[in-house]
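1. Sequence and predicted structure, then a few things I'm wondering about:
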Amino acid sequence: MKKIRLLIVFIGAVLAPGLGRAESVVEGRVPLPKARTAPVMNKRYEIVSKGGVVAMNPPLAVVYLEGDFPAAAVQPVTQMSQKDLAFVPLLLPIRVGTKVEFPNLDDTYHDVFSYSAPKRFDLGRYLPGEKPVPSQVFEVPGLVTLRCDIHEHMRGLILVLATPHFVITDTEGHFRLGGLPVGRYVLKAWVDSKTTLERTVELKENSVLQADFP
Amino acid sequence: MKTTGRIVVGCLLGALAMPARSSEDFIDRLDESLSVSALGGAFRGRLSGSLDLEGYFFSQPPPGLMVASGPELFAPRLSMFLDVQLGEKIYAFVQARVDRGFDPTDGGMEGRFDEYALRLTPWQDGRFNFQVGKFATVVGSWVHRHGSWDNPFVTAPLPYENLTGMWDVAAVRNGSTLLRWAHVQPKHFPGDAFADSRFRLPIIWGPSYATGAAISGEVGKFTYAGEIKNGALASRPEYWGSDEVRWDHPTYSARVGFRPDERWTMGFSASAGSYLLPSAAPTIAPGTSLDDYREVVLAQDVGFAWHHWQLWAEAFETRFEIPTVGDVRTTAYYVEAKYKFTPQFSGAVRWNEQVFGTVSDSVGGRLPWGYDRWRIDVAPSFRFTPHVQVKLQYSVQPDDLGAHDYQHTLAVQFTVRF
């Protein structure tokens, strides 16, 4: 009997996040800012100069549904790598409580740190392929700016959200956010640290809502 | 004490009052606005900089390369950097400064172009680079962290700033002269007790931004670098430019490095070149040339970094060649450690020492040609934001002029980088 109860609790925990959803979808477009100038690496005192071109992503936005959602049953784990002296991806939206690993995929040291209020940390210098992979758990919603203490030009962003419903736009600003619960919510589009757009949406069962941001 | 102290305290209060997020955003946006790109990203340029406000409190004479008549010194410095990347193969940089002298002085403000260089990188695997211009020496490992943001301390390690008795404006004629220059006493310069410091040289003057050309590269776990410059490692900043001293008596320097993995760096450096200025030619011994008055430096460096620890050590074996006296030698080294206690708070400690060989005196004996010296530096630092930090440094060393007396120096440095 005890085993059956445990099985029911387990099934419930797995299915609970999906209850109440009716596969509502919202899609639209977010106006994106102009692409930034690619950074220039400071190589003044490097005996060896390599990698004159720094990879750069175009601006992207994060669209998310704000609301009161149950906590994740299992701690989500994701990665933000350092590759070719840049953060990959440059922008990482995560849910509160997510553990982010920071694997070093370059052949040189990195020292990732953040002084942002939602999460202050400094991983120290760590080797390419170092095990265990340095990681941090992000418990407070907000924007976390990542930098490298060795490579001044490196910058990455982690957007910690109190919702499981988010998506990154494509480079044109288009987004499609599926698997949403029905109801009335605020849909937000994070564009940069100064700009978050929002609009109210009414999500109906098995429908696709077109919701462009002005 | 009051003026310098007030300025420093004002800066600290300003930093504390500044909303971290907004100041971080502001400087990030400033950074973006100071970057340009053209030709589809093939040409990219970035203007950046740092503002340093430094305060020093010390007993006379001022330590190292500082020049000041009082017990305190306020030394502001604005440094501007231009980094330009043209395609993958061409990189150029410029460093311009406005301050009270290359080394802190109580003189007026002045502006200089301290560095400018063009680097060609034909192959992207880093096997070979060629650089020409006015730039930091390839010798040793301190150059990589000599900037105020990266240096765990306010001042340089002892070998980079401790004055020996050697002059560049005149050649030593005999041992007695060198001993007098090396053991200066206030009575030698009545009214200006330490006036001779303007003639004296360290074994390596800071990052030694002399003018010339360099090659460098990486082959497997080894790195190499070689340079030809217009001034010796000991040469003073006023003579690093190509207008002041030509290449008639060049200095050759090289470094070979080994990096078994990212944690360790090891290097062996060598340098040789005339330490006398061309204007000293009338004072050299008959039948000799300026090239007979060489400074020869052999240096070793080792570094270790892992997680929140960083350790460095360098040792310099230096020989100044004096045809009329013979070679005089000095050995200097330091060991430095830094640890990050929290993401924003770090601490560093450094042990420095320099010892001098002997030279014949006028009565048939031998005496050291300098004051043997040790110095301990302790420096906590705090970063308010990724762009604002403050460092404190306390240093203690024996006083040359009084037995069992110690010279204490307190330094504070407030830096905003953008």
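-> Structure's in. What do you need? Numbers count the residues shown, from 1 in each chain, chains lettered A, B, ... in the order given.

2. C-alpha only now, for contacts and for neighbours.
-> Fine.

3. What ranges in chain A fall below the confidence cut-off?
-> Applying pLDDT under 70 to the predicted model, the residue ranges of chain A that meet it are A:1-22, A:47-57.

4. one more time with 90
-> The model of chain A has pLDDT under 90 over residues A:1-23, A:32-59, A:67-68, A:70-73, A:107, A:129, A:152-153, A:192-195, A:214.

5. how near is the residue of the stretch 1-150 of chain B found nearest chain A to B:Gln60?
-> Using Cα to the nearest Cα, the closest approach of the stretch 1-150 of chain B to chain A is made by B:Glu88 at 4.5 Å. The span separating B:Glu88 from B:Gln60 equals 51 Å under the rule Cα to Cα, to the nearest Å.

6. cool, and B:Tyr333?
-> Here the criterion is Cα to Cα. By it, B:Tyr333 lies 24 Å from B:Gln60.

7. again with A:Gln82
-> 50 Å.

8. Give me the number of neighbouring residues for the residue of the stretch 1-150 of chain B closest to chain A.
-> For B:Glu88, the number of neighbouring residues by other Cα atoms under 10 Å in any protein chain shown comes to 19.

9. where does it land in three-state SS?
-> Three-state assignment for B:Glu88 (DSSP: H, G, I helix; E, B strand; the rest coil): coil.

10. same check, this time on B:Pro63
-> Reduced to three states by three-state DSSP, B:Pro63 is coil.

11. what's the closest non-adjacent residue to it?
-> If the residues on either side of it in the chain are set aside, B:Pro63 comes closest to B:Thr409, at 7.6 Å by Cα to Cα, 6 or more residues apart in numbering or on different chains.

12. And the pLDDT for the one you found?
-> Per-residue pLDDT puts B:Thr409 at 95.

13. That one touches B:Leu392, doesn't it?
-> No - B:Thr409 lies out of contact with B:Leu392 (Cα atoms under 8 Å); the separation is 10.6 Å.

14. The residue lying closest to B:Gly133 once chain neighbours are set aside: what's it in contact with?
-> Closest residue in space to B:Gly133, ignoring its immediate chain neighbours: B:Ala117 at 4.2 Å, by Cα to Cα, 6+ apart. By Cα atoms under 8 Å, 6 or more residues apart in numbering or on different chains, the contact list for B:Ala117 reads B:92-94, B:131-135.

15. In strands, which of those fall?
-> B:92-94, B:131-134 (DSSP state E).

16. Name the member of the residues you listed with the most neighbours.
-> Compared across the ones in strands among the contacts of B:Ala117, B:Lys134 has the highest neighbour count, 25 neighbours, by other Cα under 10 Å.

17. which residues of chain A fall in helices?
-> Taking DSSP state H, the helices of chain A run over residues A:2-15.

18. Stretch A:107-126: which residues count as buried?
-> Of the residues in stretch A:107-126, A:108-116, A:118-120, A:122-126 count as buried by neighbour count, 16 or more other Cα atoms under 10 Å in any protein chain shown.

19. which of these come close to chain B?
-> When contact is defined as Cα under 8 Å from any Cα of the partner chain, the buried residues of stretch A:107-126 meet chain B at A:108-109, A:113-116, A:120, A:122-126.

20. Distance to B:Thr251 for these - can I get that in a markdown table?
-> Formatted as a markdown table, the entries for those read as follows, by distance: Cα to Cα, whole Å:
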| residue | distance to B:Thr251 |
| --- | --- |
| A:Thr108 | 32 |
| A:Tyr109 | 33 |
| A:Phe113 | 41 |
| A:Ser114 | 44 |
| A:Tyr115 | 45 |
| A:Ser116 | 48 |
| A:Arg120 | 47 |
| A:Asp122 | 42 |
| A:Leu123 | 42 |
| A:Gly124 | 38 |
| A:Arg125 | 36 |
| A:Tyr126 | 38 |
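
21. which one of those is nearest B:Trp123?
-> A:Thr108 (18.5 Å; Cα to Cα).

22. The closest one and B:Gly287, how far apart?
-> Taking Cα to Cα as the measure, A:Thr108 falls 53 Å from B:Gly287.

23. could you list every residue that touches the residue nearest to B:Val378 when sequence neighbours are not counted?
-> Counting by Cα to Cα, 6+ apart, B:Val349 is the residue found nearest to B:Val378 once chain neighbours are left out, at 4.5 Å. In this structure, B:Val349 makes contact with B:336-338, B:376-379, judged by Cα under 8 Å, 6+ apart.

24. Okay, and B:Val349 sits in which element?
-> strand B:345-356 (DSSP states H and E).

25. Counting neighbours, which bits of stretch A:165-185 end up buried?
-> Using 16+ other Cα under 10 Å as the burial criterion, the residues of stretch A:165-185 that qualify are A:165-170, A:173-178, A:180-182, A:185.

26. picking up where we left off before, let's have the contacts of B:Ala117 in TSV, adding pLDDT.
-> Output for the contacts of B:Ala117, formatted as TSV (pLDDT from 0 to 100):
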residue	pLDDT
B:Ala92	96
B:Phe93	97
B:Val94	97
B:Gln131	97
B:Val132	97
B:Gly133	97
B:Lys134	97
B:Phe135	97
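
27. Please list all residues in contact with the residue nearest the centre of chain A.
-> Among the residues of chain A, the one closest to the centroid is A:Pro93, at 1.5 Å (Cα atoms, centre = their mean). Each residue near A:Pro93 by Cα under 8 Å, 6+ apart is listed here: A:62, A:158-161, A:166-168.

28. let's go with 7 Å and repeat that
-> A:158-160 (Cα atoms under 7 Å, 6 or more residues apart in numbering or on different chains).

29. re the thing from before, and B:Tyr333 and B:Gln60? Which one has more around it.
-> Neighbours around B:Tyr333 and B:Gln60, counted as other Cα under 10 Å, are more numerous at B:Tyr333. The numbers are 22 against 18.

30. What's opposite the closest residue to B:Asp399 other than its chain neighbours in the beta bridge?
-> The spatially closest residue to B:Asp399, leaving aside those adjacent along the chain, is B:Tyr406, at 4.8 Å (Cα to Cα, 6+ apart). Note on B:Tyr406: beta-bridge partners by DSSP bridges are B:Pro398.

31. what about B:Tyr406, distance to chain A?
-> When distance is defined by Cα to the nearest Cα, to the nearest Å, B:Tyr406 is 36 Å away from chain A.

32. List the buried residues for stretch B:74-88?
-> By neighbour count with 16+ other Cα under 10 Å, stretch B:74-88 contains the buried residues B:74-86, B:88.

33. Contacts for that stretch, please.
-> Taking contacts as Cα under 7 Å, 6+ apart, the residues outside stretch B:74-88 that touch it are A:40, A:42, A:52-53, B:4, B:42-56, B:91-100, B:104.

34. With stretch B:152-159 instead?
-> Contacting residues not belonging to stretch B:152-159 are listed as B:202-204, B:206, B:332-334, B:348, B:352, B:379, B:391, B:393, B:411, B:413 [Cα under 7 Å, 6+ apart].

35. How about the residues of chain B by chain A?
-> Applying Cα under 7 Å from any Cα of the partner chain, we find that chain B lies next to chain A at B:35-37, B:44-46, B:83, B:85, B:87-89, B:93, B:121, B:124-126, B:144, B:216-218, B:225, B:262, B:305-308, B:343, B:385.

36. Of all the residues in the stretch 251-400 of chain B, which one is nearest chain A?
-> Here the residue of the stretch 251-400 of chain B nearest chain A is B:His307; by Cα to the nearest Cα that distance is 4.1 Å.

37. Hmm, A:Gly124 and that residue touching each other?
-> Yes - counting by Cα atoms under 7 Å, A:Gly124 is a contact partner of B:His307 at 4.1 Å.

38. Could you name every residue contacting both of the two?
-> The contact sets of B:His307 and A:Gly124 do not overlap (Cα under 7 Å, 6+ apart).

39. Now do the helices in the stretch 1-150 of chain B.
-> Taking DSSP state H, counting those that start in this stretch, the helices of the stretch 1-150 of chain B run over residues B:2-17, B:20-33.

40. B:Gln332 and B:Glu314 touch, don't they?
-> Gln isn't right for residue B:332; it's Ala. No - counting by Cα under 7 Å, B:Ala332 sits too far from B:Glu314 to count as a contact (8.3 Å).
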